[in-house]
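> structure for this input, please:
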Amino acid sequence: MAVRLTHLLARGQWLKPPDVPWSDEAEPRPRVLLECPAEGSPWIVASVLEREGFEVAFCEGPTPRRRCPVAHEQSCSALEGADVVLSMLDRRTAESAEVLPAMLTCATKCPPVVVHGPLDQAVPDGVATLGPRASVATIVATLHRAIDPMRS
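Model prediction:
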């Protein structure tokens, strides 16, 4: 289940995630769904993206006990409202490996996907990739290009 960054407490304590993770801002910012396991420090990545002007919701990804709803043909309000997905999941696990293909074939239109991580993991055509050492500027530029391909 996705969580908005603004719904976290400062000391790493989690608040109950909202049913719909996106705000109703008058001037909406580009919306990034960040898929990042807890060990990848999603709150740090999300805070950097928010500082760069994005609205961020994040999902820690599936576990053996908690599967991705999209991978099981269920809806996901975070995915449905996102302008782009930044996936930092380790696709070598069975649970995480099913997420990307499920997103790309789900009934609702999937936003563009950017995969950040080891480049030895194959991704489908049309999915942008970033190596594990990509700079913040490169990540931000890639997200913007994924949202608006005409952007230089």
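
> ok now the lengthiest helix in the chain, how far from the chain's centre?
Determined from DSSP state H, the single longest helix within the chain is helix 136-147. Centroid displacement of helix 136-147 relative to its chain, using CA atoms, centre = their mean, to the nearest Å, is 13 Å.

> may I have it as CSV, with CA atoms only?
Taking C-alpha atoms only, helix 136-147 is exported to CSV below (Å, rounded to 0.1, in the frame of the first residue of the first chain):
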residue,chain,number,x,y,z
VAL,A,136,19.8,13.2,-8.4
ALA,A,137,20.0,15.5,-11.5
THR,A,138,19.9,12.5,-13.8
ILE,A,139,17.0,10.9,-11.9
VAL,A,140,15.0,14.1,-12.0
ALA,A,141,15.7,14.7,-15.7
THR,A,142,14.7,11.1,-16.5
LEU,A,143,11.5,11.4,-14.6
HIS,A,144,10.6,14.6,-16.3
ARG,A,145,11.4,13.1,-19.8
ALA,A,146,9.3,10.0,-18.9
ILE,A,147,6.3,12.3,-18.1
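
> centre-most residue in the chain?
Residue closest to the mean C-alpha point of the chain, counted by CA atoms, centre = their mean, is Leu34 at 2.3 Å.

> within the helices and strands, which one has that residue?
strand 31-35 (DSSP states H and E).

> re the thing from before, tell me which other helices or strands the longest helix of the chain touches.
helix 42-51, strand 84-87, strand 113-116, strand 128-130 (3 or more CB pairs under 8 Å, 6 or more residues apart in numbering; DSSP states H and E). Every residue, glycine included, has its C-beta placed from N, CA and C.

> below-threshold pLDDT in this protein: ranges please.
1-21, 107-108, 150-152 (pLDDT under 70).

> check the gap between the closest residue to Ala71 other than its chain neighbours and Cys36 for me.
Computed as CB to CB, 6 or more residues apart in numbering, the closest residue to Ala71 that is not its neighbour in sequence is Ala102, at 3.9 Å. Distance of Ala102 to Cys36, given as CB to CB, to the nearest Å: 17 Å.

> can you pull the contacts of Gly131?
His116, Pro118, Leu119 (CB atoms under 8 Å, 6 or more residues apart in numbering).
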